[in-house]
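Participant: generate a structure from the sequence data that follows.
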Amino acid sequence: CWFGCEALSACDKVLGTDSQARLDRAADFLLEHQRPDGGWGESYLSCELKEYSQLPEDEPSHVVNTAWALLALLKAGQQHRDPTPLHRAARCLLNAQMPCGDWPQ
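Facilitator: Residues are numbered from 1 along each chain as shown. All right, here's what the predicted structure looks like:
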């Protein structure tokens, strides 16, 4: 989703289009899938099923999915709509960081 939001934004600059409605839809999709811990976690089943599949609730959110979703929401302008989901995502990333500074893989 992050790459798509970046591309839509770039198209606006190059082609003079207005992709905000599309960016809003991408943000809405992400917000619908934000997990209780503030992060995101996509299951490998998404590839097999060809549709979004959430991780089981007992598994922690993935750091990389959360980071990508956070970047996409920022590109879509979520900070101007409601920053609360961004704060939740940032807290999820902060909580996942290990003492050495790295994140779980």
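Participant: so where's this protein shaky on pLDDT?
Facilitator: Low-confidence regions of the chain, defined here as pLDDT under 70, do not occur.
Participant: quick one, strands of it?
Facilitator: Counting by DSSP state E, no segments of the chain form strands.
Participant: what residue lies at the spatial centre of it?
Facilitator: Per Cα atoms, centre = their mean, the C-alpha nearest to the average position across the chain is that of Ala69, at 1.1 Å.
Participant: can you tell me the closest non-neighbouring residue to that residue?
Facilitator: The spatially closest residue to Ala69, leaving aside those adjacent along the chain, is Trp40, at 4.5 Å (Cβ to Cβ, 6 or more residues apart in numbering). C-beta coordinates here come from the backbone N, C-alpha and C atoms, glycine included.
Participant: residue contacts, the one you found?
Facilitator: Leu30, His33, Gln34, Ser61, His62, Asn65, Thr66, Trp68, Ala69, Ala89 (Cβ atoms under 8 Å, 6 or more residues apart in numbering).
Participant: same deal with Thr17?
Facilitator: Under the criterion of Cβ under 8 Å, 6+ apart, the neighbours of Thr17 are Cys11.
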